[in-house]
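*Asks:* sequence and predicted model, in that order:
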Amino acid sequence: MKDKKILIIISVLSLFLVASLIYAQSDSQSFFKNLLDLLLKNIQSAKTTSTQETKPSFFLNPAPTVFDLESAVTQIAEKSSPAVVSIVISKYIPIVERYYFNPFEEFELPPELRPFFQFEFQVPQYRQKGYEKQKVGGGTGFIVSSDGLIITNKHVVSDPKAEYTVYLNDGRKFKAEILAIHPTDDLALIKIRANNLSTLVLGDSDKVKLGQFVVAIGNALGEFQNTVSFGVVSGLRRSITASDEKGNVERLEGLIQTDAAINFGNSGGPLINLKGEVIGVNTAIASGAQNIGFAIPINRVKKMIDEIKTKGKIEVPFLGVYYLLVNEEVQKKFNLPVDYGAYVYREGQTAIIPNSPAELYGLRDKDIILELDGEKITPQNSLGQIIVKKNVGQKVLLKVLRNNQTLNIYVILGSLPKNLQ
């Protein structure tokens, strides 16, 4: 009723405004006739409008289905947690015993001096007394086959002298065997002797979109098993230089960035979309920042698993050039004619690795590789990121700029040599 009254008042005010204009151009009789017509029209319009709800037009359409985000996250946590494992790193550590030594015991003082040296002079000393197995670290992994195949990070299982114990969500524990460690990526495949285990479904990381919701699960700080955090994909194709507690440094490219909280100990855990599919392997956090974590796209994991099953080893495709990614700074420094691509350059020596596919198929220093199989090379999509998606022995087409001339060069990719791994 209140809305109806407001509408009638507005209609009447509009009526008098129009009426004044009509009166200015009509005699009094025609004025009142026109006034009556307008009044009847506005009253009829007010009646019709008042029968409808005074809501925005989109409320008049059928209400869209409301997605229950809380239920989705809790269901993902419930279904995924049994397949997420904690990895405890143990190692035999020397037991060090502290004792005290009096350096003057070996000296025999004359009897007349002994009353002046009644105190004991003790110097602390240390000596090894055997070994003791101790927990030295922890990480996370997730099961990808019911017979105990587990994905984790390379840096979690990188110590050949350590022992690795996998703890399942139900409390069972198993000794883990390292099956494969990726030569260039922060990925590893381990195995436990068990059957009928819960597994996670691997999604398609090529379909990941900026802003989509994700869930991270892991052994936070190596103490809090199956910690669940929630966030969004906050960046794509990120490149970072990561280091671990031992000082090992590794360059990682093409990563998924997320603001779902990732802590020490979460390494190797899954990053899951709202379909319950793993889209990444949590691998690193940005120091000095809040909630900036990075995950390796799951398609790289799928490729690694496939190579292990079909070849029994991991092969990394190899071109054989050192290069600089062309950006505004590199373009200006070397006076390059383009602002993208991979500039084949290494200061003080050749950028072409001897006996590599690059040398075999005629690439030269100072070439600019613009595209590989039609995929443009940019700082966000490096030559290395593109090559890693290919296979050893695959024939690829390079679009190369040389002396301001564009060339198409076919290259068959080789396998990364051991000395470069």
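*Replies:* On my side now, so go ahead.

*Asks:* CA atoms of the longest strand along the chain as CSV?
*Replies:* Across the chain, the longest stretch assigned as strand under DSSP state E is strand 123-145. Output in CSV follows, covering the C-alpha atoms of strand 123-145 (Å, rounded to 0.1, in the frame of the first residue of the first chain):
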residue,chain,number,x,y,z
VAL,A,123,86.5,-27.1,31.0
PRO,A,124,83.4,-28.3,29.1
GLN,A,125,84.1,-30.9,26.4
TYR,A,126,82.0,-32.9,23.9
ARG,A,127,82.3,-36.4,22.6
GLN,A,128,80.1,-38.6,20.3
LYS,A,129,78.4,-41.5,22.0
GLY,A,130,76.7,-43.5,19.3
TYR,A,131,73.7,-42.7,17.1
GLU,A,132,70.0,-42.2,17.7
LYS,A,133,67.2,-42.1,15.1
GLN,A,134,65.3,-38.8,15.3
LYS,A,135,62.6,-37.0,13.4
VAL,A,136,64.3,-34.3,11.3
GLY,A,137,61.4,-33.0,9.2
GLY,A,138,58.0,-33.7,7.6
GLY,A,139,56.0,-33.1,4.5
THR,A,140,52.8,-34.2,2.8
GLY,A,141,51.8,-36.4,-0.1
PHE,A,142,48.7,-37.8,-1.7
ILE,A,143,47.7,-41.2,-3.0
VAL,A,144,47.1,-41.6,-6.7
SER,A,145,46.6,-45.4,-6.9
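
*Asks:* walk me through which strands that strand pairs with, and which way each runs.
*Replies:* Paired strands of strand 123-145, with direction, are strand 84-101 (antiparallel), strand 149-152 (antiparallel) (DSSP bridges).

*Asks:* how close does Gly141 get to Ile352?
*Replies:* From Gly141 over to Ile352 the distance is 39 Å, taken as C-beta to C-beta, to the nearest Å. C-beta here means a position set from N, CA and C on the backbone, and glycine is covered the same way.

*Asks:* how about Val84?
*Replies:* 45 Å.

*Asks:* when these two are compared, which one has more neighbours?
*Replies:* Counted by other C-beta atoms under 10 Å, Val84 and Ile352 do not tie: Val84 has more neighbours, with 27 against 20.

*Asks:* return the set of residues that bridge with the more buried one.
*Replies:* In beta-bridge terms (that is, DSSP bridges), Val84 pairs with Phe142.

*Asks:* confidence score at it?
*Replies:* We note a pLDDT of 96 for Val84 in this prediction.

*Asks:* cool, and Leu236?
*Replies:* Per-residue pLDDT puts Leu236 at 93.

*Asks:* what is the neighbour count of Pro379?
*Replies:* 13.

*Asks:* next one: stretch 150-158 to chain centre, how far?
*Replies:* Remark: stretch 150-158 is offset 16 Å from the chain centroid, using C-alpha atoms, centre = their mean, to the nearest Å.

*Asks:* what's the span of it, first residue to last?
*Replies:* Stretch 150-158 has an end-to-end distance of 15 Å (C-alpha to C-alpha, to the nearest Å).

*Asks:* poorly predicted segments of the chain, please.
*Replies:* 1-67, 101-109, 111-121, 222, 244-248, 288-290 (pLDDT under 70).

*Asks:* what strand or helix carries the residue nearest to Asp147 when sequence neighbours are not counted?
*Replies:* Spatially, and ignoring its direct neighbours in sequence, Asp147 is nearest to Asn195 (5.7 Å; C-beta to C-beta, 6 or more residues apart in numbering). Assigned by DSSP states H and E, Asn195 belongs to no helix or strand.

*Asks:* can I see the domain layout of this structure?
*Replies:* Using automatic domain parsing, the domain ranges for the chain come out as 2-60, 203-302, 317-420.

*Asks:* and the residue nearest to Asp147, backbone torsions?
*Replies:* phi -140, psi 160 (degrees, to the nearest 10).

*Asks:* I figured it hits Ile143, correct?
*Replies:* No. Here Asn195 lies out of contact with Ile143, judged by C-beta atoms under 8 Å, at a distance of 11.4 Å.

*Asks:* compare these two (neighbour count), which wins?
*Replies:* Neighbours per residue (other C-beta under 10 Å) separate Asn195 from Ile143, with Ile143 holding more: 23 against 7.

*Asks:* how deep is the nearest residue to that one once chain neighbours are set aside tucked in, by neighbour count?
*Replies:* Excluding its sequence neighbours, the residue lying closest to Ile143 (C-beta to C-beta, 6+ apart) is Ala83, at 4.6 Å. For Ala83, the neighbour count with other C-beta under 10 Å is 22.
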